[in-house]
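Colleague: Take this sequence and fold it.
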Amino acid sequence: MSEQSVVPIDQLLPNKLALVALMGRPIFPGIFTPIMIGNPTDVKVIDDAVAKDGLIGLVMLANETETPTIADLYKVGTAAKIVKKINLPDGGVNIFISTLKRFKVKKTLNPVNPIVAAVEYLEDEEDDTSEVKALTRALISEMKQISENNPLFSEEMRLNMINIDHPGKIADFIVSILNIDKTEQQKILEVLNVRKRMEQVLVFIKKEQELLRIQKRIQREINEKIEKSQRDYFLKEELKAIKTELGMTTDAKSSEYQRFKDKLDSFHFEGEIKETAEQELEKFSLMDPNSGEFIITRNYLDVIANLPWNDPEPEHFDLKTATEVLENDHYGLKDVKNRIVEYLAVRKLRQDTKGSIVCLIGPPGVGKTSVGKSIARALGKEFFRFSVGGMRDEAEIKGHRRTYIGAMPGKIIQGLKIVKTKAPVFMIDEIDKMGVSFQGDPASALLEVLDPEQNTNFRDHYLDLPFDISHIFFIVTANTLDTIPVPLQDRMEIIQLPGYINTEKLEIAKRYLVPKSLEKNGLKKNQVKYTRESLLHIANGYAREAGVRNFEKNLDKIHRKLAKRIIEAEEAISNPKKTSSQDNRSDEPVSGEKFIIDKKLVETYLGKPLFPEGDVKKADRPGMSVGLAWTSMGGDTLVIEATSVPGKGGLTLTGKMGDIMKESAAIAMTLARKMGIERYRITASWFEKNHIHLHIPEGATPKDGPSAGITMATALLSLIRKKIITDKMVMTGELSLTGQVLPIGGLKEKTIAAQRNRARHIIIPKQNLRDLDDIPEYVKKGMEFHPVERFEEVLKLALPD
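Modeller: Presented below is the predicted three-dimensional model:
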């Protein structure tokens, strides 16, 4: 055939085409590919085309819809010839097509079912330049790299790409096999300029290469992890095989099981304990380590295995050593030390390892906790302390049942697990501050713990096994007995720790508080020296309470200021330019010298005293008297004030008095009125025309108790007689309606309070004479005690005729 007889392909293609809507990507010219057609309308278009000339137009949907019209299609598509058609069982067809040329829809001939349009075939705009050739080489080279690293590209694709000789067709072929968004492919289909088309395709190739690099990096990291896990697996299997060969345990669970078994076998359990332990151990061996019940059972076995089940060894302590320990650790408290030593003597004589319950009662800061530690040291026993102040849940004492999530044993079993001995010293602090709630009563739970008859078979709710806690030496502390239930008091041996007087505080400060505070604040013992007057000034002016806790706080405050002065002096020497001359104080020593703390320096560091000299409670006017009270903070003095105003009679009480004190005030008023009329010839009309107001200062502080009767009656008679009571006289005692003076409690603490208030005369009930023997002589020194039976005797001493 001659060259003149060759007809261009666009002249063979019809100007009118039936269009098939493509749901997926557009199809580029020069491609041989299968297409599956399922839409009945499109199947009819295929059948008509095959019967005619086999030519159809393929256009991508711009708006996806089930019944597309020509308005839903893009304007540019590809003409294709159907090479083969295969009918499918579901009514659809699978056709093989060869795409021929781009076209553009010029005119709609039939908008729907089937879509027919007049088309214009588009030619590539070719630039026969070296730039196009370079782009062609670049495309082939870049695609070669992608195809080598991507197994999805077959060898046939690589050969097709190399054999294509037209630059535009190379771009079309590459963009058809790249993973590009269909809208981007449609845009490239609509680009006629070959150079621009190749440039856009090259950009997508670069993006594909970047994705491949990320994919390779991720794949490499995954492979490394898999290789490591496989390596670890093989090593573990080898290790397991080696352990099996050597007769060793092969996993953590087996190791735990063996540990628990060996531990439980060493206790030689019997009866219920043995049966429960073996059941739990067997359950543990059958459980999957990943189950939630596994951890619960493991924790339970861990508690059993770590408790001290074996009986304690006989005690070997020396009474002399125990006495020395108590003397070295505490100054004063002679009665307390004697009772503890006597108790230890009985314990040693009986060779008894059974525990006991000692209750130390006293105000804050008198050394209750430290006495407990000293007892443990004297006995050579382990010490465990926990506080029950504010506790409202009995499970804190007796444990939670194992049915609850997060269940754990009570404090008693926890403490035994920690100290690992069956006969430790347990200190239960603040037993007077326990609460009651819907979760139970911890005080009632303690009844079983502290009862020697019951605690041989104590059952914790968590453990649910009988455990003998009778060997524990319990030391209980409280500030007052008032809030401790009576059944609980019956189970304890109560030892009172009274407050300290100033001479005792002075010795305690010298021996214990000052050295301890110096060490705590980084100062040396020989660097600071206190005069006797300075320590007494701190006790009188800044820490006038029963204990020594505030005394220690004030010492810490002084030592912190001294530490600051030392550092400032050292910095001034090393950096003289940075310190002005005003910072240097010539009246104080610098680093390396000795601080002499006198009364003046105490006020320099602590400020003006909280309790100035001469600030004692006294009755210096008619209608006033000074009484003694016993509180949870120790002994204290109370001033009773009474005054009268014209009125219609009656009595007003203020000062936040409790019910008991209000009753005492009513009795005092009745007795004062009776004695005023009968003994001092006061007319009855005076009481009818005057209203009496009785007040106790410090109104914010609650006050109650049966010991202020004679004090209130004396204040009332002092008011009626307009006479001041005897100087430096204080009193305590309850009053009956007939004038009988009734006994009171806490005489020792009240005497210490009177000593702090610099009293010289103390009126006490005669029935309390026996308590004077318990008060050390140095506490009673300088004071005269006046025991009385009747209120008339009080008046002879306080308001003599």
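
Colleague: my guess is Gln186 meets Leu61, correct?
Modeller: No - using Cβ atoms under 8 Å as the test, Gln186 is too far from Leu61 to be in contact (10.1 Å). C-betas here are computed from N, CA, C, even on glycine.

Colleague: what residues are shared contacts of those two?
Modeller: The contact sets of Gln186 and Leu61 overlap at Tyr74 (Cβ atoms under 8 Å, 6 or more residues apart in numbering).

Colleague: per-residue confidence at Asn3?
Modeller: No Asn there; residue 3 is Glu. We have a pLDDT of 42 for Glu3.

Colleague: just Val419 next, same as before
Modeller: Val419 carries a pLDDT value of 91.

Colleague: isn't Gln740 right up against Val788?
Modeller: No - with contact defined as Cβ under 8 Å, Gln740 does not reach Val788; the gap is 10.0 Å.

Colleague: ok, the two, which is more surrounded?
Modeller: Val788 (19 against 14; other Cβ atoms under 10 Å).

Colleague: For that one, which residues are in contact?
Modeller: Neighbour list for Val788: 710, 733, 741, 763-766, 794, 797 [criterion: Cβ under 8 Å, 6+ apart].

Colleague: 10 Å instead, please
Modeller: Contacts here follow Cβ atoms under 10 Å, 6 or more residues apart in numbering; on that basis Val788 touches 710, 731, 733, 741, 763-766, 794-797.

Colleague: and what of Ser176?
Modeller: Contacts for Ser176 (Cβ under 10 Å, 6+ apart) come out as 25-31, 33, 99, 185, 188-189.

Colleague: Wasn't it part of a helix?
Modeller: Yes - using DSSP: H, G, I helix; E, B strand; the rest coil, the secondary structure at Ser176 is a helix.

Colleague: secondary structure element for Ser470?
Modeller: Element membership for Ser470 (DSSP states H and E) is empty, with no helix or strand holding it.

Colleague: doesn't Ile412 make contact with it?
Modeller: No - counting by Cβ atoms under 10 Å, Ser470 sits too far from Ile412 to count as a contact (11.9 Å).

Colleague: between these two, who's got more neighbours?
Modeller: Neighbour tally, Ser470 and Ile412, criterion other Cβ under 10 Å: the higher count belongs to Ile412, 28 against 19.

Colleague: what helices or strands is the host helix or strand of that one leaning on?
Modeller: Ile412 belongs to helix 411-419 when elements are defined using DSSP H and E. Contacts defined by 3 or more Cβ pairs under 10 Å, 6 or more residues apart in numbering; DSSP states H and E place helix 411-419 against helix 292-306, strand 383-387, helix 395-398, strand 425-429, helix 442-449, strand 466-467.

Colleague: I'd like the distance from stretch 110-120 to the chain centre, please.
Modeller: Here stretch 110-120 is found 77 Å from its chain centre; the criterion is Cα atoms, centre = their mean, to the nearest Å.

Colleague: Please apply the same query to stretch 440-457.
Modeller: For stretch 440-457 - counting by Cα atoms, centre = their mean - the centre lies 29 Å from the chain centre.

Colleague: CA atoms of that stretch as PDB?
Modeller: The C-alpha trace of stretch 440-457 is given here as PDB (Å, rounded to 0.1, in the frame of the first residue of the first chain):
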ATOM      1  CA  GLY A 440     -18.600   0.500 110.900                       C
ATOM      2  CA  ASP A 441     -17.100   1.400 114.300                       C
ATOM      3  CA  PRO A 442     -13.300   1.000 114.500                       C
ATOM      4  CA  ALA A 443     -13.400   1.300 118.300                       C
ATOM      5  CA  SER A 444     -15.600  -1.800 118.500                       C
ATOM      6  CA  ALA A 445     -13.200  -3.600 116.000                       C
ATOM      7  CA  LEU A 446     -10.300  -2.900 118.400                       C
ATOM      8  CA  LEU A 447     -12.100  -4.700 121.200                       C
ATOM      9  CA  GLU A 448     -11.200  -8.100 119.700                       C
ATOM     10  CA  VAL A 449      -7.700  -6.900 118.900                       C
ATOM     11  CA  LEU A 450      -7.000  -5.700 122.400                       C
ATOM     12  CA  ASP A 451      -8.700  -8.500 124.300                       C
ATOM     13  CA  PRO A 452      -6.200 -11.100 125.600                       C
ATOM     14  CA  GLU A 453      -9.000 -13.700 125.700                       C
ATOM     15  CA  GLN A 454     -10.000 -13.200 122.100                       C
ATOM     16  CA  ASN A 455      -6.900 -12.200 120.100                       C
ATOM     17  CA  THR A 456      -5.300 -15.700 120.200                       C
ATOM     18  CA  ASN A 457      -7.600 -16.500 117.200                       C
END
